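A.B. asks: sequence first, predicted model second:
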Amino acid sequence: MEYALVQPVSTDFETTVAKLRDILPENGFGILTEIDVSATLKKKLDVTYPRTLILGACNPPIAHQALLADANVATLMPCNVVVREVEQGGVEVAIGNFSALASLMPGEKTAQIINQAQDRMNNVLKQLA
């Protein structure tokens, strides 16, 4: 099972990020953090890396349920949504495959909660297609 789900998109980088800023809240996710990976690598290591932005998204009700079920689930938070430029100027969006991780967790309740987040993130990817 893949640990990441990747969706190529037909829009440019800026448009894709703008769409995500609209689509994530529609699916119950707020954006807690933003990491400009390429700018950080340039600043810290003086290397050039393709344009990559990580949006740290959170759905507070699902996060709360998951934390109550298993405090260690916090190691998987927030849900990262990665926007990156790929060869020939294309753009893709990647999310974690939380369902793959859920299969490793003790307790059915935790897996069910994580799968709720996965369903919502899958919907985000579908809306970008």
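C.D. replies: Cool, the structure landed. Numbers count the residues shown, from 1 in each chain.
A.B. asks: hey, let's count contacts and neighbours off CA atoms from now on
C.D. replies: Will do.
A.B. asks: for Ala39, see how far away the residue of the chain positioned farthest from its centre is.
C.D. replies: Centroid-distance maximum for the chain: Asp46 at 26.2 Å, with CA atoms, centre = their mean. Plainly put, Asp46 is 9 Å away from Ala39 if you go by CA to CA, to the nearest Å.
A.B. asks: same check on Ser10?
C.D. replies: The value you get for Ser10 to Ala39, if CA to CA is used, is 24 Å.
A.B. asks: quick one, which of those two is more surrounded?
C.D. replies: Set Ser10 next to Ala39 and count neighbours by other CA atoms under 10 Å: Ala39 wins out with 18 against 13.
A.B. asks: for that one, grab phi and psi.
C.D. replies: Main-chain dihedrals, Ala39, degrees, to the nearest 10: phi -70, psi -40.
A.B. asks: quick one: it and Pro50, what's the gap?
C.D. replies: Distance from Ala39 to Pro50, by CA to CA: 10 Å.
A.B. asks: cool, and Gly56?
C.D. replies: 19 Å.
A.B. asks: again, but for Gly28
C.D. replies: Applying CA to CA to Gly28 and Pro50 gives a distance of 29 Å.
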